[in-house]
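K.L.:
let me see the structure of the following:
(2 chains)
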Number of protein chains: 2
Amino acid sequence: MRLSRFFLPVLKETPTEAQIVSHRLMLRAGMIRQEAAGIYAWLPLGFRVLKKVEQVVREEMDRAGAIELLMPTLQLADLWRESGRYDAYGPEMLRIKDRHERELLYGPTNEEMITEIFRAYVKSYKSLPLNLYHMQWKFRDEQRPRFGVMRGREFYMKDAYSFDLDEAGARRAYNRMFIAYLNAFARLGLKAVPMRADTGPIGGDLSHEFIVLAETGESQVFCHGDLVEMGAPGPDVDWDGDLQPLVDRRTSLYAATEEMHDPARFEREVPADRRLSARGIEVGHIFYFGEKYSAPMRAVVTGPDGQDRPVQMGSYGIGVSRLLGAIIEASHDAAGVIWPDGVAPFGLGVVNLKPGDPAVDTACERAYAALSAAGLEPLYDDTFERAGAKFATMDLIGLPWQLVIGPKGTAAGEVELKRRATGQRETLSLEAALSRLTAKA
Amino acid sequence: MRLSRFFLPVLKETPTEAQIVSHRLMLRAGMIRQEAAGIYAWLPLGFRVLKKVEQVVREEMDRAGAIELLMPTLQLADLWRESGRYDAYGPEMLRIKDRHERELLYGPTNEEMITEIFRAYVKSYKSLPLNLYHMQWKFRDEQRPRFGVMRGREFYMKDAYSFDLDEAGARRAYNRMFIAYLNAFARLGLKAVPMRADTGPIGGDLSHEFIVLAETGESQVFCHGDLVEMGAPGPDVDWDGDLQPLVDRRTSLYAATEEMHDPARFEREVPADRRLSARGIEVGHIFYFGEKYSAPMRAVVTGPDGQDRPVQMGSYGIGVSRLLGAIIEASHDAAGVIWPDGVAPFGLGVVNLKPGDPAVDTACERAYAALSAAGLEPLYDDTFERAGAKFATMDLIGLPWQLVIGPKGTAAGEVELKRRATGQRETLSLEAALSRLTAKA
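P.N.:
Residues are numbered from 1 along each chain as shown, chains lettered A, B, ... in the order given. Sure, this is the predicted structure:
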């Protein structure tokens, strides 16, 4: 993409309304624009990151055997009356009447609708296990929306729903999502710690939150330090096999959010030098809730014994739009965002220090063509801004690499390659830079 | 994808509520499920096609230089008061009040919001031309939603908005979209004819609808037969150059929707044997409306002469979810859907006629692995359904090819390859079938 043809409205001033760094940087980098309280437009740069994050989440869901579909944003109130949640949900539910005075709502989550879909088609245990997920805009009418996309009202969520014949099956489904979540967050460059959690309005028996540690986190969390350093299991686990040991290895270590924290147990179970108390950001939440929806909504399956029973369900959420804020909170410096390679909006920036200079233009066009062909998605700054502003913008938007091409270097057969995360710079030939970069592709 | 792990709830009976073939087939093939009047869930098969269609539209927008972003579904009523459309829009606009009694609406289109975004950041002609687009769910509260996704209430639309300094620039932007639309529809396997149209509630001076001809079309259209046969210009046009001749070649031929039809002109301009009168389905609509929104909303840019003037705008819509219905209306037979190659939910089906037979299973697994590795996205029917039901399902869901592997053929070293569109079958070795299929990838 040529910057002269892109739409990247970076702000010079720091917006005063933003209280946390991710919100400030997303506004300054031209990623989002607030259109109403807690309702954002995703400008082209922010949109590109949103799609990258979505794709990582999708790939890890697919790998774990979940099947993607897409439910609508609006739902019938009557559907929520079946589960009893319509009256229970409170003012965070956006209730709507259409032209015929029929009661609708903007879905804050989809347990009822997916249960309705399931019961319409699935009658036998032979169709199980099943895990259906979608990524769709949701709405929760927060009393005080704030922190940009971290606590918005219209937000983008991945929610998966598992269906199993019995508790053992449901636990296997839960474990698959547990592992898939660790893998997804690791690919997003995040250290996410699973913590036993309260089940809240979703209900159920078993629940974990996945918490990213960041100084600016919204809540206090407590855990064993080993949990933070433990890597994700990776894609090559046996998804049809027994994942319980992988899960146990993590859940056996102490980890709790503030609501679940037991100071005495923390001190008893965790050696003093491994006790970690930190701020955290919730990025995922998984639930096993059994028959909570299937029983009242009569989603039953016939078992091998010929008996009907309510299907065992769980649900599994990832705040996709919120993740962008969490990634920035965990990865930035004074100059701007530092995107992990896997979700950067462009693979690198090519900075032309003197557009109009034929030698520089030629070198830049060569680099741009080669990097594009290699699938690296370069952003080519071909504008007439001064060099200082170009560097500031590149640092602000946080692409992993910057390839800087100017008249002096071109005369000497040299370009500069800068790694955004470390600030490390290297002078080398254009050929060498291109082979280095395209070797990664 | 293994069918045993997929979620494909095909219906044996023809749903009685569906009046048109695309609606019937989408329900029968397990592509969609109605969740409320005119509000659909996209089941996994339908979702896959929706994503393919979306991607074709995206690629053709990007190629024409449009930049993607994403605006939210909900908008402030006050924004629509600025243009005067809040009161004018009527009962099709879904009006909402949040917990603080603030007036919102579910966006039926985004002229106001994109104008607000533009005016916040763009001040000079130097940032032009600019074309911003998004694909997002919209809502229009139709009095009588019907025909499935063809006239739903919650629907998925691609809407692009162009910004130019003057009318000449705006016309170039209009022409780029005109050509991009022809290319997109051609890739979707559709013959879409541009027709001069009424501008309706969007307003403006110049407008074309793109109409797919289908017997079940919602309205009568009249055009010169050459227009239907004329191919799309293709991707290799000079997007920065003068596209007017390509546009003129089409707009010089008579084509009109019922509202714009002039029988006398039709007979005068079109030879009798080239006069085509047919039913049509609108799949796209483009508008040039100049200052209609930029003037009242004060979206001004400074020209090279230092003078401020309202920016010249156009908007360009494609009904992405509706396109699925249109494609099916144009491409089906008595047995089911016939997907054009470019949007098929899976590249082909592999039908195992005797799961559990070691030789057949081995052949099927080999085919499945090779076809998957080639990126052909096979759907492998590994279920224990009887052969007749498997064939019926494959025909119903309309994958372009069926590779049928059974015990007799396997013993003889043979498989059967069927082309869905023609019904043509060929018996050949598995090797030959695989090389034939993967050569296409």
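
K.L.:
which residues touch A:Ala359?
P.N.:
With contacts defined as CB atoms under 8 Å, 6 or more residues apart in numbering or on different chains, the neighbours of A:Ala359 are A:Pro407, A:Thr410, A:Ala411. C-beta coordinates here come from the backbone N, C-alpha and C atoms, glycine included.

K.L.:
pLDDT weak spots in the stretch 201-350 of chain A?
P.N.:
For the stretch 201-350 of chain A, applying pLDDT under 70 flags the ranges A:201-205.

K.L.:
who touches the residue nearest to A:Ala278 when sequence neighbours are not counted in this structure?
P.N.:
When the adjacent residues along the chain are set aside, A:Ala278 lies closest to A:Leu213, with 4.8 Å between them (CB to CB, 6 or more residues apart in numbering or on different chains). Contacts here follow CB under 8 Å, 6+ apart; on that basis A:Leu213 touches A:Lys191, A:Val193, A:Val221, A:Val228, A:Ala278, A:Arg279, A:Gly280, A:Ala330.

K.L.:
which residue, other than its chain neighbours, is closest to the last one?
P.N.:
Here the nearest residue to A:Ala330 in space, its sequence neighbours aside, is A:Ala214; by CB to CB, 6+ apart that works out to 4.9 Å.

K.L.:
in the strand ranked longest in chain A, which residues are buried?
P.N.:
Residue-count comparison of every strand in chain A, with assignments taken from DSSP state E, identifies strand A:275-290 as the longest. Within strand A:275-290, the residues that count as buried by 16 or more other CB atoms under 10 Å in any protein chain shown are A:276, A:278-290.

K.L.:
any part of stretch A:131-147 near chain B?
P.N.:
Yes: figure legend: stretch A:131-147 in contact with chain B (CB under 8 Å from any CB of the partner chain); contacting residues A:Leu132, A:His134, A:Trp137, A:Phe139, A:Asp141, A:Gln143.

K.L.:
name the residues of that stretch that are buried.
P.N.:
Under the neighbour-count criterion of 16+ other CB under 10 Å, stretch A:131-147 has A:131-142, A:145, A:147 buried.

K.L.:
please parse chain A into its domains.
P.N.:
Domain assignment for chain A by automatic domain parsing gives A:3-337, A:346-439.

K.L.:
about what we covered before: just give me the closest of the buried residues of stretch A:131-147 to A:Tyr40.
P.N.:
Sorting the buried residues of stretch A:131-147 by how near they are to A:Tyr40, with CB to CB, puts A:Pro145 at the top with 9.9 Å.

K.L.:
mind checking pLDDT for the residue lying closest to that closest one once chain neighbours are set aside?
P.N.:
Counting by CB to CB, 6+ apart, the nearest residue to A:Pro145 once its immediate chain neighbours are dropped is A:Gly38, at 2.7 Å. Listed pLDDT for A:Gly38 reads 97.

K.L.:
dump the residue contacts of A:Gly38.
P.N.:
Counting by CB under 8 Å, 6+ apart, A:Gly38 touches A:Glu142, A:Pro145, A:Arg146, A:Arg151, A:Gly152, A:Arg153, A:Glu154.

K.L.:
how about a cut-off of 6 Å?
P.N.:
Applying CB atoms under 6 Å, 6 or more residues apart in numbering or on different chains, we find A:Gly38 in contact with A:Glu142, A:Pro145, A:Gly152, A:Arg153.

K.L.:
pick out the most distant pair among those.
P.N.:
Taking CB to CB as the measure, the contacts of A:Gly38 span a maximum distance of 7.7 Å, between A:Glu142 and A:Gly152.

K.L.:
quick check, nearest of the residues of stretch A:131-147 next to chain B to chain B?
P.N.:
A:Asp141 (4.8 Å; CB to the nearest CB).

K.L.:
my guess is that closest one contacts B:His100. True?
P.N.:
No: counting by CB atoms under 6 Å, no contact exists between A:Asp141 and B:His100, whose distance comes to 8.5 Å.

K.L.:
is the closest residue to chain B within the stretch 151-300 of chain A bridged to anything, and to what?
P.N.:
Among the residues of the stretch 151-300 of chain A, A:Glu154 lies closest to chain B, at 4.9 Å counting by CB to the nearest CB. With DSSP bridges applied, A:Glu154 shows beta-bridge pairing to A:Phe139.

K.L.:
number of residues surrounding it?
P.N.:
The burial count assigned to A:Glu154 is 24, neighbours taken as other CB atoms under 10 Å in any protein chain shown.

K.L.:
same deal with A:Gly317?
P.N.:
A:Gly317 has 25 neighbours, counted by other CB under 10 Å.

K.L.:
so what's it up against?
P.N.:
Counting by CB under 6 Å, 6+ apart, A:Gly317 touches A:Met157, A:Asp159, A:His285.

K.L.:
in contact with the last one, which residues?
P.N.:
A:His285 is in contact with A:Glu209, A:Gly317, counting by CB under 6 Å, 6+ apart.

K.L.:
distance check, it against B:Gly46.
P.N.:
Counting by CB to CB, to the nearest Å, the separation of A:His285 from B:Gly46 is 28 Å.

K.L.:
ok, now the first one?
P.N.:
The gap separating A:Met157 from B:Gly46 is 20 Å, by CB to CB.

K.L.:
identify the residue nearest the residue in the stretch 51-200 of chain A that chain B sits nearest to in space, chain neighbours excluded?
P.N.:
Here the residue of the stretch 51-200 of chain A nearest chain B is A:Tyr121; by CB to the nearest CB that distance is 3.6 Å. The shortest distance from A:Tyr121 to any residue that is not its chain neighbour, by CB to CB, 6+ apart, is 3.6 Å, and that residue is B:Pro9.

K.L.:
equivalent analysis for A:Arg146, please.
P.N.:
For A:Arg146, the closest residue by CB to CB, 6+ apart turns out to be A:Gln19, at 6.7 Å.

K.L.:
now do the strands in the stretch 251-400 of chain A.
P.N.:
Listed in chain order, the strands of the stretch 251-400 of chain A (DSSP state E, counting those that start in this stretch) span residues A:255-257, A:275-290, A:300-302, A:308-310, A:312-319, A:332-333, A:336-337, A:348-352, A:378-381.

K.L.:
dump these to a markdown table, plus distance to B:Tyr380.
P.N.:
Putting these into a markdown table (distance: least, CB to CB, whole Å) gives the following:
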| stretch | distance to B:Tyr380 |
| --- | --- |
| strand A:255-257 | 41 |
| strand A:275-290 | 30 |
| strand A:300-302 | 24 |
| strand A:308-310 | 30 |
| strand A:312-319 | 26 |
| strand A:332-333 | 45 |
| strand A:336-337 | 42 |
| strand A:348-352 | 39 |
| strand A:378-381 | 38 |
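
K.L.:
do you know which of the ones you listed lies nearest A:Asp395?
P.N.:
Between A:Asp395 and the strands of the stretch 251-400 of chain A, the tightest spacing by CB to CB is seen for strand A:336-337, at 4.8 Å.

K.L.:
elements contacting that closest one?
P.N.:
Judged by 3 or more CB pairs under 6 Å, 6 or more residues apart in numbering or on different chains; DSSP states H and E, strand A:336-337 is in contact with no other helix or strand.
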